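>>> sequence and predicted model, in that order:
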Amino acid sequence: MGTLDRTKSKTRLSNSTLLFIIAGVIFLLMYGIALLTFPVSFRQFQTFFDFFNLNAALFIVTLGMCVVMIGGGIDISVGAVCGLVTMACAMLLQSGAGNIWGAFFLALGIGLAFGLMHGVLIAYLEIQPFIITLAGMFLAQGLLTTLHKEPLNVTNPAFVALRRYTIEIPWLGSVNRLGVFIPCEIKPSVIVVVLLVVLYAVMMKWSRFGRNLYAVGGNRQSARMLGINVKRTIFLSYVLCGLTAGLSGFIFLLTTGAGNIGNGSLYEMKAIAANVMGGIMLNGGVGNLLGAPIGTLTLLTINELIRAAGVQSNLQAIVSGLLLYLFIVLQSIIVSLRSSERFKLALPLWLKPHR
Amino acid sequence: MLKLRQQFERMHQLVLPFSVLVVLLIINLIKGADYFKITLINGVLYGNIPNILFGASELVILSIGMTLVTAAARGQDISIGESGAISSAIFVQYVLRSGNVTIWTILAGLMISCAAGLVIGAFNGTLVSFFNVQPMVATLILFLGGRSIAFIIDGKVSPILANPISNQIGTVIPGVPIQTPIILTAVFIVIVAVILRTTNLRLYVEAVGVNPSAARLNGINPKKVIFLTFLIMGVCSAVAGFIAVNKAGRHDSVNLLKFIMMDAILAVALGGNSLAGGKFSITGSILGAYTIEVLNRTLLRLEVNPEAIKAFKAVFIIILMIIASPVVRDSGRRILDKLKASIAGPAARQRSGLPQAAAPFTDRTVQKEE
């Protein structure tokens, strides 16, 4: 049995899995450092859950961006669309005409509209994705400033109730100084994030669309030879990304409770950085979807770590840039060593992805 | 003969940016007939055209560098605004530290900031060429951290650059009828043109952009060429930062050249260049950069609500890219051919003696060869 297993475990890892494992190790490393340096705050489970509670929208945006990046494209309009959706939903809720469901469908509708526009122009008219999504970003920003310029607080009672609603986890928590047990709290948006991650992971792994997308991202020409409808696959990826961006706007509003011009700004860059940390390459065709949340967690841990260290705000950006630099170099060295056959890594049996 | 044909192909690429520019100018003329009016105030030319040339000077310089990077590295540098901010911060510090400001101080400062630009370019270039990182990801690092570096170099919020020579560089030199940034831009364009004419840079960059492995087999080292384009990009952003900081008269590390990479990439695309690398036309990019400036000013002139300017710009870009897209162009050509055939078709076919049924077939093969 031993010999059989050894031969089996020598099957080559795919680049996606390798990068995903690196991303996971880096995240564990960063969180370990955080635990060692600031044990008081990071040992509480609530700190971990707060990453999700406060940044649910970023997680969702990153998922959509990941789908597009695996398909070999890019969508830099996600941040602006997210901001536009928050403002539009806030206005709808404030006008008194709409309820929560109305706002929810408005969010999805705006996202879908942008996704459809990008998809048609990029897939069927073969225009460069960067320029079209740049135009989409300008459009969303322009619409946002025309809609409303001042911050808009949502005071709709039903919405505020949903916003305040928290789910307590009774068996997890921490004891404060007075000896009172405080259970961990999660927001409903966290459940949305988890559901979406599971849904997208299943879709990318087992659905026909997901597999087609990997093929198209890897090599468009050979995907066409295989009989894959390349244009429709790319089109769907952008529609999906737009929808996710719209949903993230709604979740953003649920987190902050106000429509603002600055909402979701630079989310596109953060999402790209998170995806890169999660082992998803901009070239397309490489990356595990679960890398997107892992990368976002790494990014957030780093930011939290730097903030906890009390570094001056200007140094924060530099330090996070430097860490990003290290990760990128590390990834590229490992991938290039691997392609030159000097670096071989076989997974232990229990970690091996089933085929 | 071959050279002539190549030139014709290059000219063909310029049709799009040029026609857009003409359309925008016509719109401006309809709005007010005195658009081209140039007045002489205190011995300096002012008017819409000089203003456009003045306003677009940094963008033109940056779009030149961006064209080269795009062509060779098959990706875009998104840290150009930040690298401009860093190198101009160094320039400002050098000028402020040296007590007596002469023209030589300014020149030395420019040289030092160019050296800083080279270092930044080398940083990005190393990542892209030797570590095989995608350009956008590699330059994302400086995009996120660059402005903080510029702020730390500054040491405080927006140091003021108040000396007569800087002021003259930012506005006009007495006795010269044209604003100085326009002259500097023209000089830069001439230098780039001379370099492209006298060296093999264009050939190397295009070869690497079209197919890196084929270029390597032909004895061109793609890594070196990509690295070189990033160095050039660094110098371009240093010069652009120099002009911008002299124009503003102070160094605002947060807002100097903010989000200019979007406009620069747009200029490259408007110039008919592929963002996926390969053949490039710097003339097209320069025209594209001026087109963007004209577009911004036209929207202001048409009294568009300032909040909605970005949305209008987006719609304009989308329409433009649809017209320029290969699919639309092909189908347009097909429709045009059909129209031509249906107008002159039957008579011509009878004259040439071809059977009518065979004619569509031959048409299609000709199209495929194109």
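Nice, I can see it.
>>> find the helix or strand that residue A:214 is a member of.
Taking DSSP states H and E as the criterion, residue A:214 maps to helix A:208-218.
>>> could you find the closest non-adjacent residue to residue B:65?
Leaving aside its chain neighbours, residue B:65 sits nearest to residue B:236 (3.2 Å; criterion: C-beta to C-beta, 6 or more residues apart in numbering or on different chains). (Glycine included, C-beta is placed from N, CA and C.)
>>> which bits of the stretch 51-200 of chain B sit near chain A?
Residues of the stretch 51-200 of chain B found near chain A (C-beta under 8 Å from any C-beta of the partner chain) are B:76, B:127, B:131-134, B:136-138, B:140-149, B:151-152.
>>> if we can go back for a sec, and the helix holding residue A:214, what does it pack onto?
Helices and strands touching helix A:208-218, by 3 or more C-beta pairs under 8 Å, 6 or more residues apart in numbering or on different chains; DSSP states H and E, are helix A:45-70, helix A:188-206, helix A:220-225, helix A:230-256.
>>> repeat that for 6 Å
helix A:230-256 (3 or more C-beta pairs under 6 Å, 6 or more residues apart in numbering or on different chains; DSSP states H and E).
>>> the helix or strand following the helix it packs on pairs with which strands?
Note on helix A:230-256: by DSSP H and E, the next helix or strand toward the C-terminus is strand A:258-259. Looking at strand A:258-259 with DSSP bridges, its partner strands are strand A:152-153 (antiparallel).
>>> sorry, back to before: quick one: name whatever helix or strand follows the strand or helix carrying the residue nearest to residue B:65.
Per DSSP H and E, residue B:236 falls inside helix B:222-248. Next helix or strand after helix B:222-248 toward the C-terminus (DSSP H and E): helix B:260-270.
>>> what is the least confident helix or strand in chain A?
Least confident helix or strand of chain A, by mean pLDDT, DSSP states H and E, is helix A:2-9 with a mean of 46.
>>> CA atoms of the following helix or strand past that one as CSV?
Next in sequence after helix A:2-9, counting helices and strands by DSSP H and E, comes helix A:15-37. Provided in CSV are the C-alpha atoms of helix A:15-37 (Å, rounded to 0.1, in the frame of the first residue of the first chain):
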residue,chain,number,x,y,z
ASN,A,15,-0.5,26.3,-9.8
SER,A,16,-3.9,27.3,-8.4
THR,A,17,-3.6,24.9,-5.5
LEU,A,18,0.0,25.8,-4.8
LEU,A,19,-0.7,29.5,-4.7
PHE,A,20,-3.8,28.9,-2.6
ILE,A,21,-1.7,27.0,-0.1
ILE,A,22,0.9,29.8,0.0
ALA,A,23,-1.9,32.3,0.6
GLY,A,24,-3.3,30.2,3.4
VAL,A,25,0.1,29.8,5.0
ILE,A,26,0.8,33.5,4.8
PHE,A,27,-2.6,34.2,6.4
LEU,A,28,-1.9,31.8,9.3
LEU,A,29,1.6,33.3,9.6
MET,A,30,0.2,36.9,9.8
TYR,A,31,-2.5,35.9,12.2
GLY,A,32,0.1,34.0,14.3
ILE,A,33,2.3,37.1,14.4
ALA,A,34,-0.7,39.2,15.4
LEU,A,35,-1.6,36.7,18.2
LEU,A,36,2.0,36.8,19.5
THR,A,37,2.4,40.6,19.4
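>>> buried set for helix A:15-37?
A:15-24, A:26-27, A:30-31, A:34 (16 or more other C-beta atoms under 10 Å in any protein chain shown).
>>> figure out the helix or strand that the residue of the stretch 201-350 of chain B found nearest chain A lives in.
Proximity of the stretch 201-350 of chain B to chain A (C-beta to the nearest C-beta) peaks at residue B:311, 2.7 Å away. Assigned by DSSP H and E, residue B:311 belongs to helix B:309-324.
>>> need the next SSE after that helix, C-terminal direction.
By DSSP H and E, the next helix or strand past helix B:309-324 is helix B:326-352.
>>> quick check, that next one touching chain A?
Yes: using C-beta under 6 Å from any C-beta of the partner chain, helix B:326-352 reaches chain A at B:326-327.
>>> dump the residue contacts of the spatially most central residue of chain A.
The geometric centre of chain A, computed from its C-alpha atoms, lies nearest to residue A:62 (C-alpha atoms, centre = their mean), at 2.0 Å. Going by C-beta atoms under 6 Å, 6 or more residues apart in numbering or on different chains, residue A:62 touches A:271, A:274, A:292, A:296.
>>> run the last query once more with 8 Å
A:270-271, A:274-275, A:278, A:292-293, A:295-296 (C-beta atoms under 8 Å, 6 or more residues apart in numbering or on different chains).
>>> most widely separated two among those residues?
A:270 and A:293 (13.4 Å; C-beta to C-beta).
>>> shaky segments in the stretch 201-350 of chain A?
Within the stretch 201-350 of chain A, the ranges that satisfy pLDDT under 70 run A:341-350.
>>> taking the contacts of residue A:62, please make a PyMOL selection of just the buried ones.
Here is the PyMOL command that selects the buried residues among those (16+ other C-beta under 10 Å):
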select buried, chain A and resi 270+271+274+275+278+292+293+295+296
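>>> surely residue A:280 meets residue A:69?
Yes: Residue A:280 is in contact with residue A:69 according to C-beta atoms under 8 Å; the separation is 5.3 Å.
>>> shared neighbours of the two, which are they?
The contact lists of residue A:280 and residue A:69 share residue A:287, where a contact means C-beta under 8 Å, 6+ apart.
>>> how close does the residue in the stretch 1-150 of chain B positioned nearest to chain A sit to residue A:325?
Per C-beta to the nearest C-beta, residue B:145 is where the stretch 1-150 of chain B lies closest to chain A, at 3.0 Å. Here residue B:145 is placed at a distance of 9 Å from residue A:325 (C-beta to C-beta, to the nearest Å).
>>> who's more crowded, those two?
residue B:145 (24 against 19; other C-beta atoms under 10 Å in any protein chain shown).
>>> tell me what angle the helix or strand where that one lies forms with helix B:260-270.
Taking DSSP H and E as the criterion, residue B:145 maps to helix B:135-154. Angle of helix B:135-154 versus helix B:260-270, following axes from the mean of the first three to the mean of the last three C-alpha atoms, to 10 degrees, is 140 degrees.
>>> send me helix B:135-154 as CSV with only the CA atoms.
Taking C-alpha atoms only, helix B:135-154 is exported to CSV below (Å, rounded to 0.1, in the frame of the first residue of the first chain):
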residue,chain,number,x,y,z
PRO,B,135,2.5,45.3,-14.5
MET,B,136,-0.8,46.4,-12.8
VAL,B,137,-0.1,44.3,-9.7
ALA,B,138,3.5,45.4,-9.5
THR,B,139,2.7,49.0,-9.7
LEU,B,140,-0.2,48.6,-7.3
ILE,B,141,2.4,48.6,-4.5
LEU,B,142,3.6,52.2,-5.2
PHE,B,143,0.0,53.2,-6.0
LEU,B,144,-1.0,52.3,-2.5
GLY,B,145,2.1,53.5,-0.7
GLY,B,146,3.6,56.2,-2.9
ARG,B,147,1.7,59.3,-1.6
SER,B,148,2.7,58.5,1.9
ILE,B,149,6.4,58.4,0.9
ALA,B,150,5.9,61.8,-0.8
PHE,B,151,4.4,63.1,2.3
ILE,B,152,7.2,61.9,4.5
ILE,B,153,9.7,63.5,2.1
ASP,B,154,7.8,66.7,2.3
